[in-house]
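Novice: generate coordinates for the sequence data below:
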Amino acid sequence: MLGITLEEYFHVGAFRDLIARGRWYRFEPRLEAATNRALGLLAETSTTATFFAHGWVAERYPELVRSVVEHGHEIGNSGYAHRGLRELSVDLLVDEFARSRDLLESAAGVRVRGTRVPDWIAPRDLPLLERLADAGYDYDASLRQVGTSAGAEYLVPFEVHHGGRSIWEFPVPTTSVAGFRVPIGGGNWFRQLPANVVRRAVSSWMRTHDAPFSMYFQAWELDPEQPRITAASWITRVRHYRNLDRMTELVREFLSGGRFTSFAEWLGLQQESTVRSPARAGLALTPEIVLDDDPRPVVGVVVPCYNEAETLPYLMNTLASVEWRFAHRYRFHFVFVDDASADETWQVLTGLVAGRSNCSVVRHTVNRGVAHAILTGIAAAPSELVCSIDADCTYDPHEIGRLVEALENGASLVTASPYHPEGHVVGVPKWRLALSSTLSSMYRRVLHSNLHTYTSCFRGYRKSAFTELTLRHRGFLGVAETLARTILSGEKVVEIPATLESRLIGQSKMRVLPVILGHLRLLAQLSRMPRPAEQESRQGTEAIAIRA
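Specialist: Numbering: from 1, shown residues only. So this is what the prediction gives:
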């Protein structure tokens, strides 16, 4: 039997501490292409499978769920949004499965007969089967045993009887290595173990057991080009990405060498049609709102980009949400500045903004650094109020309303600070926090300022105050120089609290040692620059908390 989990690469439990479900919409969707690859493999090898899908998938891709059924395969239930017994009680899990079952059946048009619990279950969780039997399911395929305490009675499919009903359980096949039980049914174990070891273990299992061999994999495992979640730990990255490039051929080999069916087909269950209201796709964000005689102020948003091709889909999905959230208050014009990227940033960027009248794209012919890219964007923005954001969204762009509010209240420059007393830091390495804290302390002394952060790129600007600014320093140093010279000029500078999170996709462009040395040189230069009277300087900077 063959089970395929229909879920996006960012759904997996290994990323649950990094990627909140409320932010899934930001990531580039790749499930449809991965599912089509799986359907192609099944057609090529004349294989029937069970696709265990989330209710979240049925909400957003009802046509995809229906397509699986039309290709002759079964739809199973894996809950609404990849939450298993690690996060939910048995009662809540059963309720969530009921919700997802409704969504799946309305999308597929057929009855859902089986379940697979996200993150699997162990023998101690088998009482859950009685609840699933009560709910009318015919089988479950969630039991996975790892370690020395595996029960021999749970190595092959077995039937549980409860209250006049019965339900089958299909454990993941395992093998014993020096008394340690290791799964060999597919997925991550296929990719981590040497291919020859897997082949021998599967052959040995099939010779030893008079029972069907159950194989499984996730649709995203057929997508080796998926974006890398670089904020994940080393072990998580190995677990998720190792040998993705060999998975398609390994699956093809096993499907070609044996006959696999869906779970329902093996049990002799007939497909039953259902009549339900059609599943609704997820809300489509309005990309642009234009009104006659629109009274809303225009806010320019500058996005400096350098080698961000992999990050751009995540960025664009986030900006669409920002537009939606502030549609009643502001009109946004986005200025993307490609700072002579060496990857495919320009091609990806121009494709994503094509046809958008509220987007401009500017390209530097040589790399000038993030600060100069921001100044280029400010000059190109069609508005007096301009904000700059990081392409990697390490500061949440939804906080842009706080920046604009401070600009509307008279500030020339507004900077976001995770080190403000009401700010927060999530997932940032301690060495980076220590470095930032030390540099900020030095800048405060040199500039006689009460700000807490001097290097944030998440800022608001009054365009007229920066049209004549010429920077001496490139890159991140230029970002600090812009703030320092604004303070020294006597302009009003406001700091607002913000949350800084670790970068999820792509790599930081900062080189630590050159940046440290550069900051020390800049601090020495600033200490010699003329400045307003001390009292005026202190009045010109504020650290405040603005509520969104």
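Novice: quick one, strands of the stretch 51-200 of the chain?
Specialist: Chain-ordered strands for the stretch 51-200 of the chain, with DSSP state E, counting those that start in this stretch as the definition, fall at 74-77, 114-115, 139-140, 158-162, 165-169, 174-177, 180-183.
Novice: for the first one, packing partners?
Specialist: Same thing as strand 74-77. Using 3 or more CB pairs under 8 Å, 6 or more residues apart in numbering; DSSP states H and E as the contact criterion, the elements in contact with strand 74-77 are strand 50-53, helix 62-70, helix 90-108, strand 114-115, helix 263-267. (C-beta placed from N, C-alpha, C; glycine too.)
Novice: cool, the last one as well?
Specialist: For strand 180-183, the helices and strands in contact under the criterion 3+ CB pairs under 8 Å, 6+ apart are strand 174-177.
Novice: wait, a strand at Ile4?
Specialist: Yes. For Ile4, which was evaluated using DSSP: H, G, I helix; E, B strand; the rest coil, the result is membership in a strand.
Novice: ok, it - how many residues close by?
Specialist: 30 (other CB atoms under 10 Å).
Novice: start at 5 instead
Specialist: Okay, using 5 as the starting number, the last item reads as Ile8.
Novice: can you pull the contacts of it?
Specialist: Ile8 makes contacts with Ala42, Ala53, Thr54, Phe55, Phe56, Tyr220, Phe221, Gln222, Ala223, as judged by CB atoms under 8 Å, 6 or more residues apart in numbering.
Novice: what's downstream of the helix or strand containing Val242, the next helix or strand?
Specialist: Counting by DSSP states H and E, the element that carries Val242 is helix 238-245. Proceeding N to C from helix 238-245, the next assigned helix or strand is helix 248-261, under DSSP H and E.
Novice: got the angle for that next one vs strand 6-10?
Specialist: 150 degrees (axes from the mean of the first three to the mean of the last three CA atoms, to 10 degrees).
Novice: grab the nearest non-local neighbour of Gly189.
Specialist: Counting by CB to CB, 6 or more residues apart in numbering, Gly189 lies nearest to Val176, which is 4.0 Å off, once chain neighbours are set aside.
Novice: CA atoms only for stretch 25-33, dumped as CSV, please.
Specialist: The C-alpha atoms that make up stretch 25-33 are tabulated as CSV, following Å, rounded to 0.1, in the frame of the first residue of the first chain:
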residue,chain,number,x,y,z
ARG,A,25,0.5,28.9,11.1
GLY,A,26,-0.7,32.5,10.8
ARG,A,27,2.2,33.2,8.5
TRP,A,28,1.8,30.2,6.1
TYR,A,29,0.3,32.5,3.5
ARG,A,30,3.6,34.3,3.1
PHE,A,31,5.5,31.3,1.7
GLU,A,32,5.7,30.4,-2.0
PRO,A,33,3.1,27.7,-2.6
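Novice: quick one: contacts of it?
Specialist: With CB under 8 Å, 6+ apart as the test, stretch 25-33 has contacts from 12-15, 23, 60, 64, 85, 231, 286, 317-318, 321-322, 325, 397.
Novice: what pLDDT, on average, does that stretch get?
Specialist: Taken as a whole, stretch 25-33 has an average pLDDT of 93.
Novice: over to stretch 230-245?
Specialist: 93.
Novice: about what we covered before: please save the CA atoms from the helix holding Val242 in CSV.
Specialist: Output in CSV follows, covering the C-alpha atoms of helix 238-245 (Å, rounded to 0.1, in the frame of the first residue of the first chain):
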residue,chain,number,x,y,z
TRP,A,238,21.5,22.1,11.5
ILE,A,239,19.9,18.8,12.4
THR,A,240,16.5,20.0,11.2
ARG,A,241,17.9,21.0,7.8
VAL,A,242,19.6,17.6,7.4
ARG,A,243,16.4,15.9,8.3
HIS,A,244,14.3,17.9,5.9
TYR,A,245,16.6,18.5,2.9
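Novice: measure the closest residue to Val357 other than its chain neighbours to Met320 for me?
Specialist: Taking CB to CB, 6+ apart, and ignoring the residues beside it in sequence, Val357 has Cys363 as its nearest neighbour in space, at 4.0 Å. For Cys363, the distance to Met320 (CB to CB, to the nearest Å) stands at 10 Å.
Novice: residues shared between the contacts of those two?
Specialist: Val357.
Novice: tell me which element Thr490 is part of?
Specialist: Secondary structure from DSSP H and E places Thr490 in helix 479-492.
Novice: buried stuff in that helix?
Specialist: Judged by neighbour count (16 or more other CB atoms under 10 Å), helix 479-492 contains these buried residues: 479-492.
Novice: ok, now stretch 14-34?
Specialist: For stretch 14-34, a neighbour-count test (16+ other CB under 10 Å) marks 14-16, 18-20, 22-23, 27-34 as buried.
Novice: what does the model give Val279 for pLDDT?
Specialist: Per-residue pLDDT puts Val279 at 61.
Novice: quickly list what Tyr399 is bridged to.
Specialist: Applying DSSP bridges to Tyr399 gives these bridge partners: Leu504.
Novice: pull the contacting residues for it.
Specialist: For Tyr399, the set of contacting residues under the criterion of CB under 8 Å, 6+ apart consists of Ile393, Ala420, Pro422, Ser460, Cys461, Phe462, Ala502, Thr503, Leu504, Glu505.
Novice: distance of it from Ile500?
Specialist: Tyr399 is 11 Å from Ile500, where distance means CB to CB.
Novice: what's the overlap in contacts for the two?
Specialist: Taking CB under 8 Å, 6+ apart as the contact definition, Tyr399 and Ile500 share the neighbouring residues Ala420.
Novice: so which helix or strand of this protein has the lowest pLDDT on average?
Specialist: Comparing helices and strands within the chain by mean pLDDT, DSSP states H and E singles out helix 538-544 as the least confident, with a mean of 44.
Novice: re the thing from before, and the buried residues of helix 479-492 as TSV, adding pLDDT?
Specialist: Output for these, formatted as TSV (pLDDT from 0 to 100):
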residue	pLDDT
Gly479	82
Phe480	85
Leu481	90
Gly482	92
Val483	93
Ala484	93
Glu485	94
Thr486	95
Leu487	95
Ala488	94
Arg489	92
Thr490	94
Ile491	94
Leu492	92
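Novice: which one of those sits closest to Thr380?
Specialist: Taking CB to CB as the measure, Thr380 lies nearest Gly482 of the buried residues of helix 479-492, at 11.7 Å.
Novice: contact partners for that closest one?
Specialist: Taking CB under 8 Å, 6+ apart as the definition of contact, the neighbours of Gly482 are Gly373, Val374, Ala375, His376, Leu475.
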